[in-house]
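Trainee: Pasting the sequence and the predicted model now:
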Amino acid sequence: MEKVLVKSIFRETEKFMGKVVEVSGWVRTIRASNAFGFIELNDGSFFKNIQIVFESNLENYKEIAKLGTGSAVRVFGKVVESAGDKQPFEIKAEKVEVVGTSDEDFPLQKKRHTLEYMRTIAHLRPRANIYNAVFRIRSLVAFAIHSFFQERGFVYVHTPIITGSDCEGAGEMFQVTTLDLNNLPKKDDGTINYGEDFFGKATNLTVSGQLAVENYCAAFRNVYTFGPTFRAENSYTQRHASEFWMIEPEIAFADLHDDMKLAEDMVKYIINFVLEKAPEEMEFFNSFVDKTLLERLNFIKNSEFGKITYTEAIELLKKSGKQFEYPVEWGCDLQTEHERYITEELLKKPVFVIDYPKEIKAFYMRMNEDNKTVAAMDLLVPGVGEIIGGSQREERYDRLLARIQELGLKKEDYWWYLDLRRFGSNPHAGYGLGFERMIMYITGMQNIRDVIPFPRTPKNAEF
RNA sequence: UCCUCGUUAGCUCAGUCGGUAGAGCGGGUGGCUGUUAACCACUAGGUCGGCGGUUCAAGUCCGUCACGAGGAGCCA
């Protein structure tokens, strides 16, 4: 008897037709009369369920008919054509072994639940169709990203999770300490003596691997990081989480346009990859989450992303005649409402906005010739907003140092970053892709909490 | 952190003008020879988020706290 995965039966139906097989999985639903019944079984290998027909001649018929949703069973039976029209084939059971029953209070029912409720049962929600699809896509996108960069010779660098530099400047940080919080060692001036802490200094969880990965860029030319990132912001929105994953490529001897080319190629690669590897899941999202999803993704595959400068964006917003809550003026940061208008109404596709005023961007971004703007780029996409933020880095030692001092940062904190500009400095660029935001964009899911297995947000670290 | 809206059965929700609790699904029991969120009958199930106040009377009005959702800011 052959132990087979449901995915194989769906993909190579002819091979199994008429054969007796063994399948095992979890009961999604059971419908039974006193003479026969149907089990919809999901074995985890495939998005779709396989229908099991079982008849009252089985010695444990009553036991099977009473099984609750979620039960684990092993089925031995023949693959046959189905008499019903909702599925092309089914398994006629010769034996159904109950492996693990499911208590009657199994929370997932044969009905629609709200996503909010599902978040309260995060340990069980992957067994629901929508989450099953989301997390298979998540796995595929992660693989697609590695595949994209590895095919192009990029080296995967593991930048540290615990960082000793408190100067990454990308947001509020989570402190990492082994000090006894009820009895903190103090210095003479009353401040905490971090010399006694585990690392002998104050440390935090990383908010970005970029500064670290730039060093490896200067050795391997093209590199990327892909790992968890932590931000201790009190953000209560659909697209912010305290723990999320980020991909940060960095390329040497490259400018902002090379950077954008890479980002665009990567996004298209990921879309192609997912459409090819998970058609059933994508079809499901298109039917139940966002009716325009496939149309949109297919359009993007074959179209060029938009590209406008910050200055042009400001002019377009001013000319739009739209009444924005925040008035538009050159020098102001683009608000969410502005970004949405640009990508969702004006261009209706992904768009790079480049060359932002230096005042609203980070110190390490390369100064343009106008001395007013920096070579930065944000990729905005409809529905999600900013999905990528990147820049060409300031490779000129004097200019970088001047920026650090202008902003009142301490030169000593950046000694190793500055060293890069002393030993073989070269024009280089990179960006950060929000992994979960990419998943949201590809699936149409609207809340970041629904694309992370166990999401961490302020006041929520259950599970 | 700020603004808005929520919290009623296991789940999704209704509950009028303040008068003492309802439905569907799910669970249980029984029926049904091809179901597709199966169907039919019966049945159990409630500290109406917590605390305080107004009132003869509060799920309903007021205050407050907790939690959730949406928006803003921060960003990916």
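Mentor: Great, that's in hand. Computed from a prediction, not measured in an experiment: that's the story for all the values here.

Trainee: so when I look at A:Ile308, I'm seeing a strand, right?
Mentor: Yes - assessed by DSSP: H, G, I helix; E, B strand; the rest coil, A:Ile308 belongs to a strand.

Trainee: Tell me who's in contact with it.
Mentor: A:316, A:342, A:351-354 (Cβ atoms under 8 Å, 6 or more residues apart in numbering). C-beta here means a position set from N, CA and C on the backbone, and glycine is covered the same way.

Trainee: Counting neighbours, which of these comes out on top?
Mentor: A:Ile354 (27 neighbours; other Cβ atoms under 10 Å).

Trainee: what separates that one from A:Thr225, distance-wise?
Mentor: Going from A:Ile354 to A:Thr225 by Cβ to Cβ, to the nearest Å gives 23 Å.

Trainee: Over to A:Phe299?
Mentor: For A:Phe299 relative to A:Thr225 (Cβ to Cβ), the value is 31 Å.

Trainee: Comparing those two, which shows the higher neighbour count?
Mentor: In this view A:Phe299 and A:Thr225 are compared by other Cβ under 10 Å, and A:Thr225 has more residues nearby, 23 against 12.

Trainee: hmm, who's touching the helix or strand harbouring the more buried one?
Mentor: If you go by DSSP states H and E, A:Thr225 is part of strand A:222-230. With contact meaning Cβ under 8 Å, 6+ apart, strand A:222-230 is reached by A:142, A:145-146, A:149, A:152-159, A:161, A:173-174, A:205-210, A:212-213, A:216-217, A:242-252, A:435.

Trainee: If we use 6 Å, what do you get?
Mentor: A:149, A:154-155, A:157, A:159, A:174, A:205, A:209, A:213, A:216-217, A:243-251 (Cβ atoms under 6 Å, 6 or more residues apart in numbering).

Trainee: got it, and stretch A:108-118?
Mentor: Residues contacting stretch A:108-118 (Cβ under 6 Å, 6+ apart): A:29, A:124-125, A:128, A:450.

Trainee: What's the end-to-end length of it?
Mentor: 9 Å (Cα to Cα, to the nearest Å).

Trainee: Pull the distance from that stretch to the chain's centre.
Mentor: 22 Å (Cα atoms, centre = their mean, to the nearest Å).

Trainee: got the buried residues for it?
Mentor: Neighbour counts over stretch A:108-118 (16 or more other Cβ atoms under 10 Å) mark A:108, A:118 as buried.

Trainee: can you pull the pLDDT of the residue in chain A that RNA strand B sits nearest to?
Mentor: The nearest approach of chain A to RNA strand B comes at A:Gly84, 1.7 Å away (Cβ to the nearest atom of the strand). Looking at A:Gly84, its pLDDT reads 88.

Trainee: pretty sure it is in a helix, no?
Mentor: No - counting by three-state DSSP, A:Gly84 is located in no helix; its state is coil.

Trainee: Next, count neighbours for it.
Mentor: If we define neighbours as other Cβ under 10 Å, then A:Gly84 has 10 of them.

Trainee: what does the one 4 residues further on give?
Mentor: Using other Cβ under 10 Å, the number of residues around A:Pro88 comes to 11.

Trainee: A:Phe148 too?
Mentor: That count, for A:Phe148 with other Cβ under 10 Å as the rule, works out to 21.

Trainee: Please list all residues in contact with it.
Mentor: A:Phe148 neighbours (Cβ under 6 Å, 6+ apart): A:266, A:269.
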